[in-house]
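Asker: Just need the structure, nothing else, for what follows:
(chains A and B)
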Amino acid sequence: MLRKQEILELEKFAKEIRIETLKELGSIGSGHIGGSMSIVELLAVLYGKVMKVDPKNPNWEDRDWLILSKGHAGPSLYAALALKGFFPKEWLSTLNKGGTRLPSHCNRMLTPGVDMSTGALGQGISVGIGIAMGLKLDNKNNFVYVIIGDGESQEGQVWEAVLFGGNAKLDNLIVFVDYNKQQLDGYVDNINPLGNLGEKWKAFGWDVQEINGHNIDEIYSAIQKAKGVKDKSHVIIMHTIKGKGCTFAEGVELNHHMTFTKEQIDNAIYVLEQSPFNSEVDNDK
Amino acid sequence: MINKIDDLQVDKREMRNAYIDKLIKLSETDERIIVLDADLMHSNNTYKFKDRFPNRAINVGIQEANMIGVAAGLSLVGKIPFAHTFTCFAARRDLDQLYLSVAYAELNVKLIATDPGIAATYNGGSHMSFEDIGIMRTIPSMTVIEPTDSVMMESLVEQIAYTYGPFYVRLFRKNPIKIYDSGDNFKIGQGIILREGEDVTIIASGIMVAEALKAADLLEKGGISARVVDMFTIKPIDKDLIIKCAEETKAIVTAENSNTINGLGSAVAEVLVENKPVPMERIGIQDLFGEVGDMGYLKKRYHLTADDIVNSVIKVVNRKR
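Answerer: Sure, this is the predicted structure:
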């Protein structure tokens, strides 16, 4: 459990990530807003509290690893990394512009703090398994975190990796599924539904938890709980909302990739700035 | 030193054994080397590595795509992963993973792919890869090599292991025709002149090197002096040697166990047209699918014999005049 003050700090960090992501995407007028917004609380918990990283030494051998397998959510990862000091915040306004070090989809050779190049969906868990196995061979106790999407879970390679990863019993590997129920063409349930996702992972031998992916305390507690379960690979299915916290994206069916005006961005930032923190609202109850 | 053998004969040592035995030897003192296979350990003989280093051998089962991803992850933490499968699966099932998780991510994965082209014999058309060279050589940073016999294979393992970056090794896994008596300094990227000649150069790779040497013998009887080059590195191609051969013999024939579209012949043609255009012919698979049969049948079926090379040489020499 996190203390109230810690939760509030992480909620502030999450809000900052959202605002910086909006400014970043706003600087080019289009981008993957929906899936960037749905993982913000997770990024806040990972980079604000959980992950062993050194912004001054991004390739530190003893760091924890993060693979953003849904590589199109790069913009919110970049915001989190900039706020942590991996690179100057000014870089954020170069997103997707020629010569930038912040490309639409993650590239480990360009961006300090990005551990793996991704973008073709389905590949991240396999890579995470390889890192986790390599760390175990070297008797290292670092953790490997992989973030995948729900739409991404339609890819065959995901299930190859889930079968193999379950059998490999990698207790140093935690996969997060950003289950925001939407993909490029609309609602997952209208395209190729995932059914009972938790049961599926369980059947493949994983330690499974399902949480509210926008609740800081639940995310943190689930990670701690997973770390306590030995000899099983872990998955945390995060029920989230695509476009969460962005006035013009949340609740919109086709919000995977959008174009937006400066006014829309400014208004979304204004609304975010005015909005209370979850934990404060809960306290008022 | 590289010493060529005098009379062609079947190599007593299987290529897969020359390869894996050397890899095991390197691994005795290098714990970074990891072997991955996708349920072909008893085809590729990688089970020998698993017997010796059970902790460093990973059999993912029949999951070629996942295997490449796992190899990429191992490379991220400093391991030197050698992944194994047949050439057909390497080219067709692993492409996206090799491209993105390995090459684009600048990782150090070695893909050892066996049964190239007609070497898939009794596995037939479904397992025949005529497209793999073309696919692999258009991936930036990928080194593409096709070792010729067990002597060369053994000598290359160390270079493959300790040259950072992705490798595609197109490996005839059984007993090829022996070309080299001994040799420990084969250099990736440098073709080898196996036989001198003045009228034409036959540039070959893999199983076609032996056919090229046989063709040169036949041609000599007919009064044509043919140079033979073993071009075991398809990428990066030995541009200097190709230009030198074009300048000195003024005609080129390529011979490969692969589709002539985007294979060795294409790689050689690219160098010629941009530097020293000379008459050229290409022996190889003429844009066809594979089929089942033994090597003798398949060589004839796809026009990959010494006689086919002789015919192409006569054609190209006539074009010089």
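
Asker: Does stretch A:201-220 reach chain B?
Answerer: No: Stretch A:201-220 is not in contact with chain B by CB under 8 Å from any CB of the partner chain; minimum separation 12.9 Å. For the C-beta atoms, the positions are set from N, CA and C on the backbone; glycine is no exception.

Asker: any idea of the mean pLDDT in that stretch?
Answerer: Summarised as a single mean, pLDDT over stretch A:201-220 is 98.

Asker: Figure out how far that stretch is from the centre of its chain.
Answerer: 13 Å (CA atoms, centre = their mean, to the nearest Å).

Asker: any idea how far the residue of chain B most remote from its centre is from chain A?
Answerer: In chain B, the residue that sits farthest from the middle, by CA atoms, centre = their mean, is B:Arg321; the gap is 33.3 Å. Using CB to the nearest CB, to the nearest Å, we find B:Arg321 at a distance of 52 Å from chain A.

Asker: Same question for B:Ala90.
Answerer: 16 Å.

Asker: Skipping adjacent residues, who's closest to that residue in space?
Answerer: Once flanking residues are discounted, B:Ala90 sits nearest to B:Ala113: 3.8 Å by CB to CB, 6 or more residues apart in numbering or on different chains.

Asker: B:Phe49 too?
Answerer: Distances taken as CB to CB, 6+ apart put B:Val35 closest to B:Phe49, at 4.5 Å, once the chain neighbours are dropped.

Asker: Tell me which strands the one helix or strand the one you found maps to pairs with, and in which orientation.
Answerer: In the assignment (DSSP states H and E), B:Val35 maps to strand B:33-37. Strand pairing for strand B:33-37, using DSSP bridges, gives strand B:57-59 (parallel), strand B:80-86 (parallel).

Asker: Beyond the last one, next helix or strand please.
Answerer: In other words, strand B:80-86. In N-to-C order, the element after strand B:80-86 by DSSP H and E is helix B:87-92.

Asker: Just to be sure, A:Phe13 is in a strand?
Answerer: No: A:Phe13: not assigned to a strand; according to DSSP: H, G, I helix; E, B strand; the rest coil it is helix.

Asker: tell me the contacts of the spatially most central residue of chain A?
Answerer: Centroid-nearest residue in chain A: A:Ile39, 4.1 Å away (criterion: CA atoms, centre = their mean). Applying CB atoms under 8 Å, 6 or more residues apart in numbering or on different chains, we find A:Ile39 in contact with A:Lys70, A:Ala73, A:Ser76, A:Ile147, A:Phe176, A:Asp178, A:Gly213, A:Met238, A:Thr240.

Asker: Most neighbours out of those residues, which is it?
Answerer: For those, neighbours were counted by other CB atoms under 10 Å in any protein chain shown; the highest total belongs to A:Lys70, with 31 neighbours.

Asker: Am I right that that one is in contact with A:Ile147?
Answerer: Yes: look at A:Lys70 against A:Ile147 with CB atoms under 8 Å: they come within range, at 6.2 Å.

Asker: Quickly list what's touching both of the two.
Answerer: With CB under 8 Å, 6+ apart, A:Lys70 and A:Ile147 have common neighbours A:Ile39, A:Gly124, A:Asp178.

Asker: which residues of chain B fall in strands?
Answerer: With DSSP state E, the ranges of strands along chain B come out as B:2-10, B:33-37, B:57-59, B:80-86, B:110-114, B:143-145, B:167-171, B:177-183, B:192-195, B:200-204, B:226-230, B:233-235, B:252-259, B:280-285.

Asker: neighbours of the closest residue to B:Leu171 other than its chain neighbours, just the number please.
Answerer: Spatially, and ignoring its direct neighbours in sequence, B:Leu171 is nearest to B:Thr114 (4.9 Å; CB to CB, 6+ apart). Each residue near B:Thr114 was counted by other CB under 10 Å, and the total is 25.

Asker: For B:Thr114, name its beta-bridge partners.
Answerer: B:Phe86, B:Leu171.

Asker: lowest confidence element among the helices and strands of chain B?
Answerer: strand B:2-10 (a mean of 87; mean pLDDT, DSSP states H and E).
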